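K.L.:
how would this look folded up:
(2 chains)
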Amino acid sequence: MDKEAIITAENLAGGYATKTLFDQAEFSIKQGEFVAVLGPNGAGKTTLFGLLLGLAQPLKGSLSIFGKAPRRGNPRIGYVPQRHPIDAQMRIEAIQLVRLGIDGNRWGIGLGDQGIEKAFAALKAVGGEELAHQPLGSLSGGELKRIFLAEALVGEPDLLLLDEPLANLDIRRESNFVRLINNIVRSRGVTALLIAHDINPLLPVLDRVLYVANGRITNGKPSEILNSKALTELYGMPVEVVKDSHGRIAVVGMEGPVQHHD
Amino acid sequence: MWQYDFMQHAFEAGTIVAIVAGVIGYFIILRRSSFAAHALSHIGFAGAAGAVLLGINPLFGLMVFTCGGGFAMATLGRKISERDVQIGTVLAFMLGLGVLFINLYSGYATEAYSLLFGEILGVSSTDVLVTLIAGLLLLIVVACIYRPLLFTSLDEDVAEAKGIPTFWIGVLFMLLVAIATSIAVQVVGVLLIFALMVTPAAVAQQIARRPAQGIIISVLIALLATWFGLFVSFYLPYPVSFFITSTTFAIYVVARFLKIS
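P.N.:
The predicted model follows:
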């Protein structure tokens, strides 16, 4: 395996005790890569994140992250789950949540204001410093996404796991957010795995694609994966990748469109 | 007023209960488990009535039943708020059971009355000691798990990925609610528990931007209401619970009004 690889999967199977979602997955991801995790609903994308976070165990095979088996609470990983909206009644200011990303898992009260500066720096890195003292319940969906990203970044992770961070953003905010994540990946040398349904806003910045579908995980450069031949093989049924005049793509198969552009 | 033992005991127990209720109440609001807290006090009613029937201190009956109920709620369902019907069904059954126990005891209405609406002026020195020990224990545990509890309450999925045992934090928290409810029943009774455990914290949640501020405000409101209620009831021939609940209600209404305007 490559020396730079920070995530390596060998013959990996994941899923639940009652159902294997994917099997025989072989892939490796290098430090500093921007990776899109694509595939239909229920194929096992979030399950893969669960394995990387140590929240679930592989059904078979091995998975290593930074040269070790995944474990819960790894400080080198920053995680943004796919989440439910924050209660609109929530009056706690945003920076208090970001700060929990530093020491929220330690016992005790944690006296003093340590961490506030770091939390503020993380907010600044996501362009959210003016949100620091806003109540969480008053923020828009896009603003909350920045807060959650800052919460993941504040511990200075080497790996970011982002579960559908682009969901429910309009086209302009979507492309702004992709640019923001890309800046963080490039300037800090952080590796990012990002689960998405629409590949198009990510195409200009991606290094690699993990395609989770049909019980398998395929990995490669975007051009290697996102073509009619590769996807037809992956799904085991006729699938076509069509491009429009701007280079945007759509995947069309017998199941109906897997990805679409809004 | 202070030359009377019963007034001293009432102030001592009331103060401890107000501090505990203010602290725990803040997290109850944050975790949106106010219905669970309400239900626990009703479950406790059966325990207290059972204890009366057996001739032991009702406070111990309360603790056993609320802790059992709290443990069951925390382990059965992660999202308590989605289990309203199940909790409500058990709650009604427990109230019914309590009624039976009270009836079997002797048919006295006073015991039932004091359990349902609180009888702070009847608190004994043993009760004060038990309340103090339970209160101190509870505050120490909250201080130990403060940051993980806050993290779990605000952002459960990330907290879990960060290695926090969120399930056990949830179980421990429900046990804390159970103990807090048990000692608060002495002051305001089973039916009025909301006034001390939820209302002050709800006001604090609307005002405070930081958790520590919120907890302090919540405690201050609970203390103010309890002291004011005890003070007024010494001079007026009406129940303490009425003055306590009226005070927190008034503060709640003012806070809502200020927020709207």
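K.L.:
Show me what the helix or strand containing residue B:72 is packed up against.
P.N.:
Assessed by DSSP states H and E, residue B:72 sits inside helix B:58-76. Secondary-structure packing of helix B:58-76 (3 or more CB pairs under 8 Å, 6 or more residues apart in numbering or on different chains; DSSP states H and E): helix B:34-54, helix B:84-105, helix B:125-144, helix B:166-188. Placement of C-beta: from N, CA and C, glycine included.
K.L.:
isn't residue A:173 right up against residue A:142?
P.N.:
Yes: using CB atoms under 8 Å, residue A:173 makes contact with residue A:142 at a distance of 4.8 Å.
K.L.:
how about the residue in the stretch 1-150 of chain B that chain A sits nearest to, what does it touch?
P.N.:
Closest to chain A within the stretch 1-150 of chain B is residue B:146: 4.6 Å, counting by CB to the nearest CB. Residue B:146 sits next to A:108, A:109, A:110 when contact means CB atoms under 8 Å, 6 or more residues apart in numbering or on different chains.
K.L.:
hmm, try it at 6 Å
P.N.:
residue A:109 (CB atoms under 6 Å, 6 or more residues apart in numbering or on different chains).
K.L.:
Just the pLDDT at it, thanks.
P.N.:
Residue B:146 carries a pLDDT value of 96.
K.L.:
what about the closest residue to chain A within the stretch 151-261 of chain B, distance to residue B:188?
P.N.:
As assessed by CB to the nearest CB, chain A sits closest to residue B:163 within the stretch 151-261 of chain B, at 2.0 Å. Noted for residue B:163: a distance of 39 Å to residue B:188, by CB to CB, to the nearest Å.
K.L.:
More neighbours: these two, which one.
P.N.:
residue B:188 (32 against 16; other CB atoms under 10 Å in any protein chain shown).
K.L.:
and the strand or helix carrying residue A:99, what other elements does it pack with?
P.N.:
Using DSSP H and E, residue A:99 sits within helix A:94-103. Contacts defined by 3 or more CB pairs under 6 Å, 6 or more residues apart in numbering or on different chains; DSSP states H and E place helix A:94-103 against helix A:116-125, helix A:141-153.
K.L.:
Including distance to residue B:209, could the ones you listed go into a markdown table?
P.N.:
Converted to a markdown table, these look like this (distance: least, CB to CB, whole Å):
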| stretch | distance to residue B:209 |
| --- | --- |
| helix A:116-125 | 13 |
| helix A:141-153 | 14 |
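K.L.:
Need the ones you listed in a markdown table (columns: mean neighbour count).
P.N.:
Formatted as a markdown table, those follow (neighbours: other CB atoms under 10 Å in any protein chain shown):
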| stretch | mean neighbour count |
| --- | --- |
| helix A:116-125 | 18 |
| helix A:141-153 | 23 |
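K.L.:
Need those in CSV (columns: distance to residue B:241 and mean pLDDT).
P.N.:
Converted to CSV, the helices and strands packed on helix A:94-103 look like this (distance: least, CB to CB, whole Å; pLDDT from 0 to 100):
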stretch, distance to residue B:241, mean pLDDT
helix A:116-125, 42, 94
helix A:141-153, 41, 94
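K.L.:
out of those helices, nearest to chain B?
P.N.:
Checking those against chain B by CB to the nearest CB gives helix A:141-153 as the closest, at 6.7 Å.
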